[in-house]
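> sequence plus predicted model, see below.
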Amino acid sequence: MKNNFECYGRTHRTGDGVGLYILKDIEYKLRNDINTGYNNHMESIFVEIINKRGKNAVIGVIYWPPKSDVKEFLKDFNIIKNKVNL
């Protein structure tokens, strides 16, 4: 079974970025309203898994680069958390 790969890569410097493998049979949509892509203190990508029998699930990957500003990271993390409604 093949997978779909969703990712945000760095465009202005070297590095891997963040990504998710999702089974081909799973219906999902990118949550660009939550994704930060890459900024100076965080990289993230989120998708919403569509559940036709119940509530949808939001999953994602967050990466905090070394030596990044913790306060700025936490500020962005709280914005994401409120959008996801954890």
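Structure's in. What do you need? Numbers count the residues shown, from 1 in each chain.
> helices along the protein, start to end?
In the chain, the helices defined using DSSP state H lie at 70-84.
> residue ranges with poor pLDDT in it?
Low-confidence segments of the chain (pLDDT under 70): 1, 9-16, 37-39, 86.
> how close does the closest residue to F73 other than its chain neighbours get to Y28?
In space, F73 comes closest to H41 once its chain neighbours are excluded; the distance is 4.7 Å by Cβ to Cβ, 6 or more residues apart in numbering. Quick note: C-beta positions are derived from backbone N, CA and C, even for glycine. To Y28, H41 is 27 Å away according to Cβ to Cβ, to the nearest Å.
> likewise for K55?
Here the criterion is Cβ to Cβ. By it, K55 lies 14 Å from Y28.
> out of the two, which sits in the busier spot?
Neighbour count, other Cβ atoms under 10 Å: between K55 and Y28, Y28 has more, with 18 against 6.
> name the nearest residue to the more buried one, sequence neighbours excluded.
Nearest residue to Y28, sequence neighbours excluded (Cβ to Cβ, 6+ apart): V47, at 4.6 Å.
> what's near enough to touch the residue positioned nearest the centre of the chain?
Centroid-nearest residue in the chain, with Cα atoms, centre = their mean: I45, separated by 1.7 Å. I45 sits next to E6, C7, Y8, V18, G19, L20, L30, N35, G37, G60, V61 when contact means Cβ atoms under 8 Å, 6 or more residues apart in numbering.
> thank you kindly, that will do.
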